[in-house]
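*Asks:* Provided below for reference: sequence and predicted model.
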Amino acid sequence: MTSAILHLSNNRVAHYLEQGTGEPLVLIHGVGMQALAWHPQIDDLSAEFRVISVDMPGHGASTALEANAGLEQFVNWAIEFIEALDAGPVNLAGHSMGSLIAAGVAVTRPDLVRRVAVLNGVYRRTTEARDAVLQRAAELRSGSIDIETPLKRWFNAEEAQRIAARKVESWLKSVDLAGYATAYTAFASGDEVYADGWRRIACPALVLTGSEDPNSTPEMAEQMASAAHNGRAVVIRDERHMVNLTAPDEVNRALRAWLQTEHLETLKSEV
């Protein structure tokens, strides 16, 4: 696995991990994580694809955006990163906050996206759910970080899940708090920004979540997939929010099937 950086505008850098050759697959993680959070997918899919996992702004070794940056600014950053790769249209996958970014790129710059995958994404939250996320964003901006609550929400007590939880805990403890707060605030208020644009996504779109994810629900996945022209919803049973770490085999199979989908193929959702 190679570690590299791209120089972007305003003296910013984007750090990424790269492995494999073939069609480019760009991966964007969620808030508080880092490029290595995609390690099960990097290890598996790099046998067939050029896998590029990038640190989101303010995470890992990537330069942060302005403190008041919203989702649109994160999408513009992703567009600049993809253009700087100079690899043509890419397969683009995101998890959680990364999925909002990936969908935003697919909506605004379809010329850059061969296929798009949304893992544990959010879509038109209820008022109660949005208020809860906004409250957590306010706590982060005040300098308070609660690691235990999301870990309890994302993982169950099974040993395999606890192993993944320990990795996630280490990433949360190492993240830059200011960068985390900026990204989380954009995430908290971003579920409606590109929601209407889903009907314009024509490329193959995979929308995947866990059946036990209370915030990125199966209903949201079905709604996004149904809105896209060529969408497929996959719900992995008995899994929660960090499904790419806790059910890597199932996720990798779904990603590989998506990566083999032709642009005009009509896909049906499955649960």
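*Replies:* Everything's here; your move.
*Asks:* give the contact list for L140.
*Replies:* Counting by CB atoms under 8 Å, 6 or more residues apart in numbering, L140 touches L177, Y180, A181, Y184, T185. Placement of C-beta: from N, CA and C, glycine included.
*Asks:* cutoff 10 Å now
*Replies:* By CB atoms under 10 Å, 6 or more residues apart in numbering, the residues touching L140 are V31, G32, D146, L177, A178, Y180, A181, T182, A183, Y184, T185, A188.
*Asks:* that one sits in which helix or strand?
*Replies:* Element membership of L140, judged by DSSP states H and E, is helix 127-141.
*Asks:* and if you look at P40?
*Replies:* Per DSSP H and E: helix 39-45 holds P40.
*Asks:* now do that helix: which elements does it pack against?
*Replies:* Helices and strands touching helix 39-45, by 3 or more CB pairs under 10 Å, 6 or more residues apart in numbering; DSSP states H and E, are strand 13-19, strand 24-28, strand 50-54, strand 90-95, helix 243-246, helix 248-259.
*Asks:* buried set for stretch 22-32?
*Replies:* Across stretch 22-32, burial judged by 16 or more other CB atoms under 10 Å covers E23, P24, L25, V26, L27, I28, H29, G30, V31, G32.
*Asks:* try stretch 205-213
*Replies:* Quick answer for stretch 205-213 (16+ other CB under 10 Å): A205, L206, V207, L208, T209, G210, E212, D213.
*Asks:* can I get it in PDB, CA atoms only?
*Replies:* Taking Å, rounded to 0.1, in the frame of the first residue of the first chain, the C-alpha atoms of stretch 205-213 are listed here in PDB:
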ATOM      1  CA  ALA A 205     -25.700   3.500  -7.900                       C
ATOM      2  CA  LEU A 206     -25.200   1.100  -5.000                       C
ATOM      3  CA  VAL A 207     -26.900   2.100  -1.800                       C
ATOM      4  CA  LEU A 208     -25.900  -0.200   1.100                       C
ATOM      5  CA  THR A 209     -26.600  -0.100   4.800                       C
ATOM      6  CA  GLY A 210     -27.100  -2.400   7.800                       C
ATOM      7  CA  SER A 211     -30.500  -3.500   8.900                       C
ATOM      8  CA  GLU A 212     -29.800  -2.400  12.500                       C
ATOM      9  CA  ASP A 213     -28.400   1.100  11.600                       C
END
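*Asks:* starting at the chain centroid, how far to it?
*Replies:* Relative to its parent chain, stretch 205-213 has a centroid offset of 12 Å by CA atoms, centre = their mean, to the nearest Å.
*Asks:* check stretch 237-251 too.
*Replies:* 14 Å.
*Asks:* how long is it end to end?
*Replies:* Length of stretch 237-251, first residue to last, CA to CA, to the nearest Å: 12 Å.
*Asks:* show me what counts as buried in that stretch.
*Replies:* Within stretch 237-251, the residues that count as buried by 16+ other CB under 10 Å are E239, R240, H241, M242, V243, N244, L245, T246, A247, P248, E250, V251.
*Asks:* in a markdown table: these, plus distance to R109 and pLDDT.
*Replies:* Formatted as a markdown table, the buried residues of stretch 237-251 follow (distance: CB to CB, whole Å; pLDDT from 0 to 100):
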| residue | distance to R109 | pLDDT |
| --- | --- | --- |
| E239 | 31 | 96 |
| R240 | 31 | 95 |
| H241 | 27 | 96 |
| M242 | 28 | 97 |
| V243 | 27 | 97 |
| N244 | 24 | 98 |
| L245 | 29 | 97 |
| T246 | 32 | 96 |
| A247 | 30 | 96 |
| P248 | 29 | 97 |
| E250 | 30 | 98 |
| V251 | 25 | 98 |
